[in-house]
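Novice: sequence and computational prediction follow.
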Amino acid sequence: MPIIDVHAHVGRWQFHLSSGDADTNLAQLDRYGIDLQIVSAAEAVVYDAVAGNAALLAALRTRPRLLGYAVVNPNRPEESAADLRRCLDSGRFVGAKIHTHYPGRLPGTTEMAEAFDVVAEAGVPLLLHTWGEEVTLLPELVEARPGLRVILGHAGGDAWREAARAAAGCDRLYLEHCRTATDAGRIAYAREAGVPVERMLFGTDATLIDPCVSLGVIRDAGFTAEERERVLWRNAAELFALPQPLADHPTP
């Protein structure tokens with residue numbers, strides 16, 4: 001079936017990895033049969049949001065199987081608001097990405113609230129790096145901003161129980177479970193907590209992590225065929241208003 005990866009990156013990192021340019025992403029898509037991948041620029045996440053987003057746009061223009069997240073810097077909301085609009089106007093970006101630890105702003109800070117306002121005004125889905133108990137603050141932050149839809153990247157990381165309960169209590173929070181430690185039972189816990197399959201998404205953290213890790217998590221989650229279809233692509237297609245991926249982006 002089609003696969004849409006909603007959490008990936010383009011570019012090199014400060015870690016000892018072999019990740020490289022956007023063609024590295026395409027090679028992994030071919031290897032694992034992934035049709036579309038939504039990516040942010042490593043440079044934008046860790047160093048310069050505006051420059052990184054601009055470099056990513058150049059890469060996206062010739063690679064239709066990659067779509068972009070424009071990184072929003074909570075420390076520079078006005079600059080990020082203008083940059084997000086430029087990125088969205090290009091037609092190659094479909095959402096926003098906010099990291100919490102690199103800019104040093106967690107949910108609950110004034111800066112993060114302003115960044116949420118920027119994304120809410122743009123009206124696109126937000127992929128938020130989540131890692132810690134601050135995920136418990138997200139339902140209130142999202143409910144205060146009508147129309148804001150937030151993907152909990154890494155599903156809270158080490159706070160995956162808290163993230164599951166937060167998502168169960170807010171119908172505009174989505175869970176995406178990629179991480180290096182797979183922690184058996186995370187998806188089952190989220191379902192038992194009340195998170196519907198319709199708000200679960202597939203992400204890999206490529207090229208930081210090989211997609212085989214997240215594919216294995218989905219394989220072992222006990223989904224029915226219909227549920228697996230929703231998680232692997234249909235939920236993402238609906239959230240980002242994307243076409244059925246095989247129609248326009250056939251996997252080689």
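Specialist: Here it is on my side, so go on.

Novice: surely C170 is in a helix?
Specialist: No - using DSSP: H, G, I helix; E, B strand; the rest coil, the secondary structure at C170 is coil, not a helix.

Novice: got the phi and psi for it?
Specialist: phi -150, psi 120 (degrees, to the nearest 10).

Novice: how about the nearest residue to it, chain neighbours excluded?
Specialist: Excluding the flanking residues, the one nearest C170 by Cβ to Cβ, 6 or more residues apart in numbering is P139, at 3.9 Å. Any C-beta I mention is one placed from the backbone N, CA and C, and that applies to glycine too.

Novice: any regions of the protein where pLDDT drops low?
Specialist: Residues of the chain meeting the criterion pLDDT under 70: 16, 18-19, 244-252.

Novice: hey, where'd the helices end up in it?
Specialist: Along the chain, the stretches classed as helices by DSSP state H are 22-32, 42-46, 49-60, 77-89, 110-122, 138-143, 160-168, 186-193, 212-219, 225-229, 235-239, 245-248.

Novice: ok, the residue nearest to C170 - how many residues close by?
Specialist: Using other Cβ atoms under 10 Å, the number of residues around P139 comes to 19.

Novice: could you measure from it over to L148?
Specialist: P139 sits at a distance of 11 Å from L148 (criterion: Cβ to Cβ, to the nearest Å).

Novice: how about P125?
Specialist: Distance check for P125 against L148: by Cβ to Cβ, it reads 9 Å.

Novice: and the two? which has more neighbours close in?
Specialist: When neighbours are counted by other Cβ under 10 Å, P125 and L148 differ, and P125 comes out ahead with 25 against 21.
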